[in-house]
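**Q** sequence and predicted structure are below.
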Amino acid sequence: MPSHAPDQPVPTTPAASSAAGATDAPADAGDAPGATDATGPLGRERAHLAASRAALRAMRQDVEALDISDVTGNWVNAKILAGEIEVRIKALADLAGTPLFFGRLDYLHAPGVVAAEGAGGESFYIGRRHVHDAGGDPMVIDWRAPVSQPFYRASRVEPMDVRLRRRFGYTGGDLTAYEDEHLTDPAEADRSSKLLQSEIERPRVGPMRDIVATIQPEQDEIVRAGVGGTVCVQGAPGTGKTAVGLHRVAYLLYAHRERLARTGTLVIGPNASFLQYIEQVLPALGELQVKQATVDDLVAHVPVRGTDTAATARLKGDARMAEVLRRAVRSGISMPTEPVVVVRGSRRWRVPAYELEEIVREMADRDIRYGAAREALPQRIAHAVLVQMERSGEAPDDRVQDAVARNAAVKAAVKACWPPVDPAKTVLRLLSDPEFLASCADGLLSEQEQQVLLWAKPARGLASAKWSAADAVLVDEANDLVQRTGSLGHVVLDEAQDLSPMQYRAVGRRCSTGSATILGDLAQGTTPWATGSWAEALSHLGKPDARVEELTRGFRVPREVIAYASRLLPSIAPGLAPATSVRESPGALYVRPTAEDALDAAVVAACRESLGHEGSIGLIAADPRVPALAAALDAAGLPYLSPGEETSAAARLTLVPASLAKGLEYDYVVMDDPAAIVAAEPDERTGLRRLYVCLTRAVSGLTVLHCAPLPAALAAAG
Ligand SMILES: Nc1ncnc2c1ncn2[C@@H]1O[C@H](COP(=O)(O)OP(=O)(O)OP(=O)(O)O)[C@@H](O)[C@H]1O
């Protein structure tokens, strides 16, 4: 694949930079290739970039100039329209430093036209958003459009009617290089892309960025999977799961904008600092409306002030709790023993107990929410009264039925046989009242398990209850039993391996009529209830038929580092294959034993050393070690950030507690004592998994400092 950089050095081999660009002017340039910047192929591409920028500015000015005073009849409509215009103006903002296009496709034939002798192919520039000129002709095509797809998928084996695929290289905001592939030219050798490689190897600073210019074919298959189906992606660290999930939302919003704008989309991540790390990816792709939340945010019906032991939390997250809660919510249902007598004027209407029982039993047998059944019952009883009225020659209408449904006797009967339920109070009672719990858990939970569930100090009321995070999930389930939770159009669930069955259910009801993208790595499961298989997780989510895909090519972790971390795999996830690394640099890996009293100083020295390199530095340590290391950094005068705070060229060092490292990445990682990271977890397997997560955060280099012996798997061989 030839690369070109007529005016500036780019990361290509001398052989690669010598040729084809000069003979391969853009298809629309018409004249012969020129030698100078302004008239040569690069010059013409730059001219197209400048013209596209101007066109985008004009598009934005057109929207800004819109006068809506005449078209909106009322204040509310005007507000809504003004809001939409504001969103559009923001989406059209030409983000400084973000290239407007990153690729070009020259088709052999006009898309959609059957091959015809001499038919002129069209040329398309592929970018982050659609740009058109004053006449409406496209200057840049959105990467999500069907016509852009071959940019990601076409190959020599299947060129997809593409004659030329061109990738552009930028330095800052300037177009400085391009690289061509002539997919139908049998004489051209297949070579890996230098621009792609340099993008992958690029040092990391700041929040996560989009990968729209370099999405790989196996990733693109997932990104463009249909909106109707749920996709589950198992992938080793750094294989691009998060990136793929975010680009998939952007793709779906493009392909099904109206439907998803109505139903909504949501990205669920493990914690607030992770969400901060990824929050700029979708806006950079022009998508400003996607909500982000943690699972805890979704179920925040009660204030969480308490904690559970691992055993209690695991049991509260067990799928059997769903049935315990169902019984608890419905525990008040009882069969009527008295008739209902409705007095209207001089007449009394009597619905006998056996008829009421039939109505209640039918409601109880039907799969409708407790609250919906409660609302329907008065109408059903009123209907029974109306039938009697009709039989006796009256002709009651709907208003009469409504009046009967509101009658005090009917209300009292409903209250007695189908009492109102407060979800939080129901859970509170379950966790505080041994007899109530025993009656709801009969045959489901052993006596011992019931003991584990009960609060040591029963709560007196909602205000004093010390709810834990797992309790809040139970309240969410109870809520849904009473009133159906609204479903969004699409939900992306990242780091999905860590959820409990009850948490999967909570996420599942938020996409019950939509679809989901489930992303995770079984080897990175660090909760006591982490899932053992995707089939199990998907069935709890209510999506048992989801397609499971695997990504194995790692874009983050260099070869030597991933090989070192993968030594842990046989003990933490025996079935999983280690990831490969597409990074060319093997990475720097140092493992340094240190005396215990010299550890802090050695860590500070390693941070200083790493700061000598370009890019971000993450100092990862067991949570209990963080205060001591913070003090050591302070004493050494090394400023540092917390996870979630944005790294910049000026502030590049982040002190990361091991529990927050998941999903993040740093150019250089300094790891404090691995044994302490393992020891901070409730059991060894979880500890080794946490260590695996921490070891796989490095993009360019990893320095491990240890005073305690390394875990056996790491110390062994190599
Ligand atoms: N096609 C690609 N081109 C360039 N960079 C990529 C590509 N795919 C992934 N990356 C980069 O690789 C890094 C890892 O990606 P990401 O965080 O999405 O991986 P992950 O599988 O979610 O990792 P983890 O399991 O650790 O959470 C990111 O910096 C991402 O931008």
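**A** That came in fine, so what should we check first?
**Q** near the ligand, which residues of the protein show up?
**A** Counting by C-beta under 6 Å from any ligand atom, the chain comes close to the ligand at 199-200, 211, 214-216, 219, 235, 237-243, 521, 524, 555-556, 663, 665, 696. C-beta: built from backbone N, CA, C; applies to glycine.
**Q** among those, which lie within strands?
**A** Taking DSSP state E as the definition of strands, the residues of the chain next to the ligand contribute G235.
**Q** just the buried residues of the residues of the chain next to the ligand.
**A** Listed as buried from the residues of the chain next to the ligand are 199-200, 211, 214-216, 219, 235, 237-243, 521, 524, 555-556, 663, 665, 696; burial here means 16 or more other C-beta atoms under 10 Å.
**Q** ok so, going back, inside helices: which ones of the residues of the chain next to the ligand?
**A** With helices defined by DSSP state H, the entries of the residues of the chain next to the ligand inside them are 199-200, 219, 241-243.
**Q** distance from stretch 581-592 to the middle of the chain?
**A** Centre-to-centre, stretch 581-592 and its host chain are 28 Å apart (C-alpha atoms, centre = their mean, to the nearest Å).
**Q** quick one, phi/psi of the residue of the stretch 551-700 of the chain at minimum distance from the ligand?
**A** Nearest residue of the stretch 551-700 of the chain to the ligand, counting by C-beta to the nearest ligand atom: F555, 3.3 Å away. Main-chain torsions, F555, degrees, to the nearest 10: phi -100, psi -10.
**Q** pLDDT at it, what is it?
**A** Looking at F555, its pLDDT is 92.
**Q** so what's it up against?
**A** By C-beta atoms under 8 Å, 6 or more residues apart in numbering, F555 lies in contact with 200, 238-240, 582-583.
**Q** can you list the domain ranges for this structure.
**A** If you go by automatic domain parsing, the domain ranges for the chain are 3-201, 207-332+421-555, 340-417, 559-715.
**Q** lowest-confidence stretch among the ones you listed?
**A** Averaging pLDDT over each of the domains of the chain puts domain 3-201 lowest, since it has a mean of 75.
**Q** how far does that one sit from the chain's center?
**A** Remark: domain 3-201 is offset 28 Å from the chain centroid, using C-alpha atoms, centre = their mean.
**Q** let me know the outermost residue of this protein.
**A** Here the chain reaches farthest from its C-alpha mean at S346, the gap being 64.0 Å by C-alpha atoms, centre = their mean.
**Q** how much space between that residue and A384?
**A** Noted for S346: a distance of 20 Å to A384, by C-beta to C-beta, to the nearest Å.
**Q** what's the answer for R129, then?
**A** Using C-beta to C-beta, one gets 60 Å for the distance from R129 to A384.
**Q** go on, A573?
**A** On the measure of C-beta to C-beta, A573 and A384 end up 60 Å apart.
**Q** equivalent analysis for A605, please.
**A** According to C-beta to C-beta, A605 and A384 sit 83 Å apart.
**Q** show me which of the two is the more surrounded one.
**A** The neighbour count for A605 versus A384, taken as other C-beta atoms under 10 Å, is higher for A384 (20 against 17).
**Q** give me the number of residues near the closest residue to P528 other than its chain neighbours?
**A** Of all residues not flanking P528 in the chain, A310 sits nearest, at 4.3 Å (C-beta to C-beta, 6 or more residues apart in numbering). Taking other C-beta under 10 Å as the criterion, the count of residues near A310 is 14.
**Q** how many neighbours does R391 have?
**A** 8.
**Q** for P138, give me phi and psi.
**A** Here is the backbone geometry of P138 (degrees, to the nearest 10): phi -70, psi 130.
**Q** dump the residue contacts of it.
**A** Residues in contact with P138 (C-beta under 8 Å, 6+ apart) are 124, 130-132.
**Q** that one bridge partners, please.
**A** With DSSP bridges as the criterion, P138 is bridged to H132.
**Q** how much space between it and the ligand?
**A** 25 Å (C-beta to the nearest ligand atom, to the nearest Å).
**Q** A456 now?
**A** 37 Å.
**Q** give me the number of residues near that residue?
**A** Number of residues near A456 (other C-beta under 10 Å) recorded here: 6.
**Q** does it sit in a helix, a strand or a coil?
**A** On the three-state scheme (DSSP: H, G, I helix; E, B strand; the rest coil), A456 is labelled coil.
**Q** ok, now N77?
**A** When classified by three-state DSSP, N77 comes out as helix.
**Q** next, count neighbours for it.
**A** By other C-beta under 10 Å, 12 other residues sit near N77.
**Q** likewise the one 3 residues further on?
**A** By the criterion of other C-beta under 10 Å, I80 has 11 neighbours.
**Q** and V343, helix, strand or coil?
**A** strand.
**Q** check contacts around it.
**A** Taking C-beta under 8 Å, 6+ apart, we find V343 in contact with 349, 409.
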